[in-house]
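**Q** what's the 3D shape of this:
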Amino acid sequence: MAIILLKGTYNKNAAQLSSWRTYACISLGIYILIALGHSLLPYSSVGMNALRIIGGVVVQGFCIWVVGVHREEIMKYGVCGP
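**A** Below is the predicted model:
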């Protein structure tokens, strides 16, 4: 998916950026579910799992937001890919 993000940014293709955002949101949801499931294990630390989930959501959410802003700029100025 990194190639789609890079190509979409380079070619100013809003559709590829939308595809990446969809993928990123789905993978973030899966990450949260796995991390929550891991926190139910008896040997896991709840504090570390909470910190991991919060950190992952903040970083991934920021990346999704930045790509969304870039996509909106492409849509606003009417520049589309080849």
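**Q** elements contacting the lengthiest helix in the chain?
**A** Ranked by residue count, the top helix of the chain under DSSP state H comes out as helix 46-77. Identification of packing neighbours for helix 46-77 by 3 or more CB pairs under 8 Å, 6 or more residues apart in numbering; DSSP states H and E yields helix 14-39. The way it works is simple: take the backbone N, C-alpha and C, and place the C-beta from them, glycine included.
**Q** What helices and strands are in contact with the helix it packs on?
**A** helix 2-11, helix 46-77.
**Q** what sits up against stretch 18-28?
**A** 1, 4-5, 8, 56-57, 60-61, 63-64, 67-68, 71 (CB atoms under 8 Å, 6 or more residues apart in numbering).
**Q** Buried ones among those?
**A** Among the contacts of stretch 18-28, those classed as buried by 16 or more other CB atoms under 10 Å are Leu5, Gly8, Gln60, Ile64, Val67, Arg71.
**Q** any idea how far the nearest residue to the fourth one once chain neighbours are set aside is from Gly61?
**A** With sequence-adjacent residues excluded and distances taken as CB to CB, 6 or more residues apart in numbering, Ile64 is closest to Ala24, at 5.1 Å. Between Ala24 and Gly61 the distance is 9 Å, computed by CB to CB, to the nearest Å.
**Q** do the same with Arg21
**A** From Arg21 to Gly61 the distance is 11 Å (CB to CB).
**Q** Could you report the pLDDT at Met75?
**A** Per-residue pLDDT puts Met75 at 89.
**Q** Could you check how many residues crowd around Leu51?
**A** 11 (other CB atoms under 10 Å).
**Q** hang on, I meant Ile26
**A** Neighbours of Ile26 under the rule other CB under 10 Å: 10.
**Q** Please apply the same query to the one 5 residues further on.
**A** Tyr31 is flanked by 15 other residues according to other CB under 10 Å.
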